[in-house]
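**Q** Sequence and predicted structure below; questions after.
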Amino acid sequence: MKLVDMTVKNYLDVLKSEAPAPGGGSVSALSAAQGAGLVAMVCDLTIPKEKYAEYKDLCQQVKAEILEVFDELVIGIDKDTEAYNKVSAAFKLPKGTDEEKAARSKAIQEATIVATEVPYEAMSLCMKGIEITAKIVGKSNPNASSDLGVAALNFLAGIKGAYLNVMINLPGIKSEEQKARFKDAEEMVKKAEAAADKIYKEVLASL
């Protein structure tokens, strides 16, 4: 069963067990998906209300944008666990002959690259989510403004968590060319920290 198809209780039971997956990558994607869900909720609490008519078009646009991010993040919850399982399976391949060793090494490299790509993709989605959230701070239903602050915190947790998963897998990639694809990950985190902090402070000041 996919993680996203479990009840919250079942998911948490698996998470707290000795099973190595789901781990931090799936949790990071889930955190960010919750952030996206909150932004969509704030839009729905704004769009139909006549008193916030001036924000209607903006919130409709933001809702469409954030739901695309939400859908990708939900997929990412299971993608991260699947990527870990591929790495684990690759390490279990036989290595008795030179041919087996070569095949095993190739499989490990391919799986490790995927296990780095998945959280890196999640980082990009989190960054996009923060940027979308910022569009409606102060331009949506003020009774739900705190939810935008919580959304920003969830996106930030998601991107920083995903970054840890990029970094733990990066040393396992032998190709410098492949490693270079992830060189902007650290800068992305710094950018996200600044943007999420701005949202949080603006929301807090409005309460």
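**A** On my side now, so go ahead.

**Q** measure Ala89 to Ala144 for me?
**A** 44 Å (Cβ to Cβ, to the nearest Å). In this view, the C-beta of every residue, glycine as well, is placed from N, C-alpha and C.

**Q** neighbour count winner among the two?
**A** Ala144 (17 against 12; other Cβ atoms under 10 Å).

**Q** Now that the more buried one has come up, it's in contact with Leu45, right?
**A** Yes - the criterion here is Cβ atoms under 8 Å, and Ala144 meets it with Leu45 at 4.9 Å.

**Q** what mean pLDDT does stretch 100-120 have?
**A** The average pLDDT within stretch 100-120 is 96.

**Q** from the middle of its chain, how far away would that stretch be?
**A** 21 Å (Cα atoms, centre = their mean, to the nearest Å).

**Q** May I have it exported as PDB, CA atoms only?
**A** In PDB, the C-alpha atoms belonging to stretch 100-120 read as follows (Å, rounded to 0.1, in the frame of the first residue of the first chain):
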ATOM      1  CA  GLU A 100      28.300  -9.200 -10.800                       C
ATOM      2  CA  LYS A 101      30.400  -6.600  -9.100                       C
ATOM      3  CA  ALA A 102      30.200  -4.300 -12.200                       C
ATOM      4  CA  ALA A 103      26.500  -4.700 -12.500                       C
ATOM      5  CA  ARG A 104      26.000  -4.100  -8.700                       C
ATOM      6  CA  SER A 105      28.200  -1.000  -8.900                       C
ATOM      7  CA  LYS A 106      26.200   0.400 -11.800                       C
ATOM      8  CA  ALA A 107      22.900  -0.300 -10.100                       C
ATOM      9  CA  ILE A 108      24.100   1.400  -6.900                       C
ATOM     10  CA  GLN A 109      25.200   4.500  -8.900                       C
ATOM     11  CA  GLU A 110      21.900   4.700 -10.800                       C
ATOM     12  CA  ALA A 111      19.800   4.200  -7.700                       C
ATOM     13  CA  THR A 112      21.900   6.800  -5.700                       C
ATOM     14  CA  ILE A 113      21.400   9.400  -8.400                       C
ATOM     15  CA  VAL A 114      17.600   8.900  -8.300                       C
ATOM     16  CA  ALA A 115      17.700   9.000  -4.500                       C
ATOM     17  CA  THR A 116      19.400  12.400  -4.800                       C
ATOM     18  CA  GLU A 117      17.100  13.700  -7.600                       C
ATOM     19  CA  VAL A 118      13.900  13.000  -5.700                       C
ATOM     20  CA  PRO A 119      14.600  15.200  -2.700                       C
ATOM     21  CA  TYR A 120      16.200  17.800  -5.000                       C
END
